[in-house]
Structures are given as structure tokens and as C-alpha cells.
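> What follows is a protein structure lacking sequence information:
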């Protein structure tokens, strides 16, 4: 039917028709949906189909957006009831099936059971008794009993009794009537009692209890005539009453009832036709609104296209700006990288220069030390071979010429002998040590033992016991020996100390020496003579480390070490 097809079209296009604004004091969307459903029901009762449909459509749109499947199921059930009241049971069944699909997405068993009741009723009305009975008995009633929904159980019983009566299965109908009688306490409204009386009327008619059937028919008539319980099938009450009077032989009242039944049937048809006319008017107005919405959509599409063009323009502009910024950052990064490379190259050049300078200094130091040792060797040779020999010859001649010397002459000869011995010791000290025949430990110990110390000064020497002094390379041993000589010489000449301590240690491949005194000390920032510079040069030449500690009045300590 045309009205059913249009309703389906409207429900499928519900998002396009929700343009009418409503005033409702609701706090959230779900309350607003319920408000729309109530308004739709009110419009339906007033036969204002246009506003009723629009309210349902708006409610459906909001419910779908909110994923409110409960409200969607309720709306589909209401639409199925609307179609059923119009006399279009097929459209009602379609909406009821949609309601079941929504209801199954919820956990509300009572809602699912009610929806099964509606669909079962529509199947029975369509003549699909087996499907209707299966829907009511197997699906609807167990769920409704589980949720204790007695009122809808009564509706299911009412339809099952009617169907089994039409199928001439009277015992089953009587069983359901017995169950229905036990639930009369849940009947509240006149409409509920009307369903009960109509059910009793049907059962009594099928069991040929015509007088009792007439009593229930009169109760139903009172509800329809005096209390206004309207139903499209109210004429069936009068027709059943007419058949009861006919079976009882009262043809006059039977004819009266038939006339009343036909009048009610014609009124129902007229009402349905008036509803269809109202619907066609609503159809026309809705189509006009659809055209308006189409124009609004066209304007919206135009605006969206303009917004899209502006958005694309902004995207392109921002992209170009980002590319420009990236290019500038890239160029700046390249400049930084280039500067870093230049700085690295300059640093490498500087390191090369420092290395070259250090190599030059070491080479000069080697030459200086070699020259110093060569000069020491020359002086030692001259003193030992020339001066000492001449002094010894002079001493011998003097002794031979003065056989009867005076005491004073003998003292002068002893002084001359002492001078010769001192010069001889100096020449020996100047000679480079020969490590082929002695170790560094032995040579330092011997050197300290033969030191010519001032009166009141002592010298102590200690070394690591059990160390393998033969593993010390000759170059390192030679430099350590010369450094100790220079430090001891400086201490004897300048420190005015009473005690000098020399210690030599060898452990884990580390050779260390310490020369200290308890003399007057000096300020390192003010004094640094040739001897100290020579010591630093010697220790640098073998890759060692030198630490000098001295303060005025606190003595001096020299520590040297090297890895061998």
C-alpha cells in the first residue's frame, strides 16, 4: 500500500527530515527522544499523522546517532501499532521485525518479549497461524514469564485463544483461557478488560455457551459505548452477539446486532479512509518539506565546496610555507655542519701543530740532554785524566822535596790530597751510569752512600724489596738516576734541611720515585730554576709524570712515575 511504502521511505531517509525544532525541558538526548515519542503518540491520538510521523522520524534519527537501540525498538513498535490501526497489518509486521532487530541489541528481555508478542499477533492476523503461535509460545511467553510481565502475557494468551479457536483446537484454547483467568488481577485499564471480555466471548462462543457469551458481549459493549474503548475490530463483538442470538432463536435481536455490527464496520472503514486522506495531505506537505530540504542540501553542498576550496588553498599555502621553513632550516643546518667541519678541521690542524710542537720540544730536549751528558762526560774526563793527575803529581813532588816537613806543610799536603779526591768524585758523578753492571736500585743506593753532605744533614734511601730491577729499560733507569742526582743536589745546596729521604718502588709495571726533604721550601709560583726545568724535560722525554710539592717552611717533595 502507498502509505506503507511512504512510511518506509521516510524512515530510511530520517536524517533528512529532522528540521523542525521542538521545545522540550529535557536534560539529555535520551530524555528528548522519550519526549518526542510521547508527542508522536499524542499527535497519533489526535489523528495528526503528519506531525506524528515527523516526531517519530526525529526520534529515530537521534536514537540511531546515540546508538540507543532501546528507544529505536520502542519507536518501531509504535509505528507498527500505527500501521495496524490503519488496517495495514503487513506494514505493521515489517516494522515489528525491525523492532525485534533493535531489541535484540539490548539486554532488556521484557522489551524483546513485548516485541515478539506484537509480531506474533500480526502473524496471526495475517493468517500465518503456525508462525504466530511459534512466536508467541516459544519466544514471547518464556521471556515475559522470566521478567514477570503479566499484562503482555495476557495479550499473548488473548491472541493464542483466538487462533486456536479459529483452528477448532478448543481444548488448547480452554487451557490458555484457564491461564488467562488466573492473571485477571493484573488488568487495570478498560482496554485490558475489553481484551479479557472479548477473549471470554470467543471461548464461550466456540464452546456453544451462548448465554454466557452474550453476558461477556454486553460487558464489552458497555466498555466500547459508554467508556469509549475504541478498536477497529469492535464490530466483531456485535457480530458474535448476533450469531449467539441466532443460535438461541432470537432473530430480532440477532438482526439488531447485525445492523449495529455493519454500522460499526462501515464507521471503521470511513475512519480508515479519513486517516488515509489525512495521510495523503501529510504526504504532500512532507514532500514539500523534502524539496525545501533538497534546496537546503544544495546550498549546504555549495557552502561545503567553497569551504573545501578555501581549505585546499590554506593547505597549499601552509604546505608551501612549511617547505620554505624546511628549506631554510635545512640550509641553516648545512651552514652549521659546514662551520662544525671547519672548526673540526681547525682543531685537527691545531692538534697537528701541538703534536709537531711537542715532537719538536722532545727532539730539542733529547738534543739538550745529549749535549748535557756529552759535556758532563767531557768535563769528567778532563777532571779525571788531567786535573786529578796533575794534582797527584804535584802532591808526590811536594812530598819528596820536603822530607822534613813542618806540621803546617803536612796539613797543606793533606788539603791538597782532599781536593784531588773531591775532584775525582765529581768526575765520577758526572760520568753516565753503566746499567750493564748495576741496577738502578744499586746505583742510587751507592750514590746516596757517597754523597758529600753538609754537617748536620742526613740522607735515607728505601726501595721495594724483592722487585726485579733488571726489567727497567736502560733509558728510563738513566733518566731516573739523573733526576734523583739533580733533586738531591738542589736539596743539598738550597734547602738547609737536616734530613733527605729517597724512596724507589716498582709494582705492577709502575716505576715510582720520591725525593723529599724537611728544609725551608719555596714558592712554586715565584721560583723555578734550570734544575727543575731539566727534571721536567727528562721525565717528559720518557713519557712519565712529575709532581712537585713545596711551600715556604714546609719542605719540598718531588714525585715521579712512569709505566714500563
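Looks like it came in fine. Keep in mind that what you see is a predicted model, and the values were worked out from it rather than measured. Numbers count the residues shown, from 1 in each chain.
> and the helix or strand residue 244 falls within, which residues are buried?
According to DSSP states H and E, residue 244 maps onto helix 235-248. For helix 235-248, burial by neighbour count (16 or more other C-beta atoms under 10 Å) applies to 235, 236, 237, 238, 239, 240, 241, 242, 243, 244, 245, 246. In this view, the C-beta of every residue, glycine as well, is placed from N, C-alpha and C.
> so residue 265 sits right up against residue 235, yeah?
Yes. Between residue 265 and residue 235 a contact is recorded at 4.2 Å, counting by C-beta atoms under 8 Å.
> which residues touch the helix holding residue 244?
198, 201-202, 205, 208, 210-211, 213-214, 217-218, 220-221, 224, 251, 253-258, 260-265, 268 (C-beta atoms under 8 Å, 6 or more residues apart in numbering).
> quick one: average pLDDT of that helix?
Regarding helix 235-248, the rounded mean pLDDT is 82.
> What of stretch 210-227?
78.
> Flag every buried residue along that stretch.
Here stretch 210-227 shows 210, 212, 213, 214, 216, 217, 219, 220, 221, 223, 224 as buried, counting by 16+ other C-beta under 10 Å.
> Can you list which of those residues are found in helices?
210, 212, 213, 214, 216, 217, 219, 220, 221, 223, 224 (DSSP state H).
> wouldn't the fifth one be in contact with residue 204 here?
Yes. Using C-beta under 8 Å, residue 216 and residue 204 qualify as a contacting pair, with a distance of 6.4 Å.
> Point me to the helix or strand that includes residue 95.
Counting by DSSP H and E, residue 95 is found in helix 89-103.
> what's that helix packed up against?
Packing partners of helix 89-103 (3 or more C-beta pairs under 8 Å, 6 or more residues apart in numbering; DSSP states H and E): helix 2-12, helix 69-85, helix 109-125.
> What are the contacting residues of that helix?
Residues contacting helix 89-103 (C-beta under 8 Å, 6+ apart): 1, 3-4, 7-8, 69-70, 72-74, 76-77, 79-81, 83-84, 111-112, 115-116, 118-119, 122-123, 125-126.
> Relative to residue 519, how far out is the closest residue to residue 520 other than its chain neighbours?
Excluding its sequence neighbours, the residue lying closest to residue 520 (C-beta to C-beta, 6 or more residues apart in numbering) is residue 496, at 5.3 Å. Distance, residue 496 to residue 519, by C-beta to C-beta, to the nearest Å: 5 Å.
> quick one, which of the two is more surrounded?
residue 519 (22 against 15; other C-beta atoms under 10 Å).
> How confident was the prediction at residue 328?
pLDDT, read off for residue 328, is 92.
> Helix, strand or coil: sort out it for me.
helix (DSSP: H, G, I helix; E, B strand; the rest coil).
> so how far is stretch 508-519 from its chain's centroid?
62 Å (C-alpha atoms, centre = their mean, to the nearest Å).
> For the spatially closest residue to residue 457 that is not a sequence neighbour, what are phi and psi?
Nearest residue to residue 457 in three dimensions, chain neighbours excluded: residue 498, at 5.9 Å (C-beta to C-beta, 6+ apart). Per-residue torsions, residue 498: phi -110, psi -10 (degrees, to the nearest 10).
> Hmm, residue 454 and residue 498 touching each other?
No. Contact between residue 498 and residue 454 fails when scored by C-beta under 8 Å: they sit 9.7 Å apart.
> ok, which stretches of the protein are strands?
458-463, 499-507, 510-517, 545-550, 556-563 (DSSP state E).
> Can you list the buried residues in the first one?
This points to strand 458-463. For strand 458-463, by 16+ other C-beta under 10 Å, it's 459, 461, 463.
> now the longest one
By neighbour count, with 16+ other C-beta under 10 Å as the criterion, the buried positions of strand 499-507 are 500, 501, 502, 503, 504, 506.
> List the contacts of it.
440-441, 444, 448, 457-464, 467-469, 471-472, 480, 484, 488, 491-492, 511-518.
> For residue 119, give me its contacts.
Per C-beta under 8 Å, 6+ apart, neighbours of residue 119: 93, 96, 97, 99, 100, 135.
> Could you rank those by neighbour count and give me the top one?
Neighbour max across the contacts of residue 119 (other C-beta under 10 Å) = residue 96, 28 neighbours.
> Select the helix or strand of the chain having the lowest average pLDDT value.
Of all helical and strand segments in the chain, the minimum by mean pLDDT, DSSP states H and E falls on helix 14-17, at a mean of 40.
> circling back to that earlier point, so the helix holding residue 244 versus helix 210-225, what angle?
Between helix 235-248 and helix 210-225, the angle comes out at 150 degrees (axes from the mean of the first three to the mean of the last three C-alpha atoms, to 10 degrees).
> and helix 235-248, how far from the chain's centre?
Worked out by C-alpha atoms, centre = their mean, helix 235-248 lies 78 Å from the chain centre.
> The closest residue to residue 547 other than its chain neighbours - how many residues pack around it?
Leaving aside its sequence neighbours, residue 547 sits nearest to residue 559 (C-beta to C-beta, 6+ apart; 4.5 Å). Residue 559: 15 surrounding residues under other C-beta under 10 Å.
> what does residue 59 give?
For residue 59, using other C-beta under 10 Å, the count is 27.
> That one is in contact with residue 31, isn't it?
No. Using C-beta under 8 Å as the test, residue 59 is too far from residue 31 to be in contact (11.6 Å).
> residue nearest the centroid of the protein?
Residue closest to the average C-alpha location in the chain (C-alpha atoms, centre = their mean): residue 322, at 27.6 Å.
> so what's it scoring on pLDDT?
93.
> Equivalent analysis for the one 10 residues further on, please.
Among the per-residue scores, residue 332 holds a pLDDT of 89.
> again with residue 204
Reported pLDDT for residue 204: 85.
> if I look at it, how far off is residue 165?
From residue 204 to residue 165 the distance is 10 Å (C-beta to C-beta).
> Low-confidence stretches in this structure?
For the chain, the stretches with pLDDT under 70 are 1-28, 44-50, 226-233, 268, 271-287, 289-290, 360-437, 527-530.
> neighbours around residue 465, how many?
There are 5 residues near residue 465, going by other C-beta under 10 Å.
> got a list of what it touches?
With C-beta under 8 Å, 6+ apart, residue 465 has no contacts at all.
> from memory residue 39 sits against residue 54, does it?
No. Between residue 39 and residue 54 there is no contact, the gap being 9.5 Å when judged by C-beta under 8 Å.
> Give the bridge partners for residue 510, please.
Taking DSSP bridges, one obtains residue 507, residue 563 as the residues bridged to residue 510.
> Quick one: neighbours of it, just the number.
11.
> so how far is residue 536 from it?
20 Å.
> now residue 147
Residue 147 is 103 Å from residue 536, by C-beta to C-beta.
> got it, and residue 237?
131 Å.
> same check, this time on residue 467
In terms of C-beta to C-beta, residue 467 sits 26 Å off from residue 536.
> Same question for stretch 202-210: list its buried residues.
Those would be 202, 203, 204, 205, 206, 210, for stretch 202-210 by 16+ other C-beta under 10 Å.
> scratch that, stretch 553-564
For stretch 553-564, by 16+ other C-beta under 10 Å, it's 555, 556, 557, 558, 560, 561, 562.
> List just the nearest of those to residue 525.
residue 556 (14.4 Å; C-beta to C-beta).
> Distance of the residue nearest to that closest one when sequence neighbours are not counted relative to residue 537?
Of all residues not flanking residue 556 in the chain, residue 550 sits nearest, at 4.1 Å (C-beta to C-beta, 6+ apart). For residue 550, the distance to residue 537 equals 19 Å [C-beta to C-beta].
> Many thanks, have a good one.
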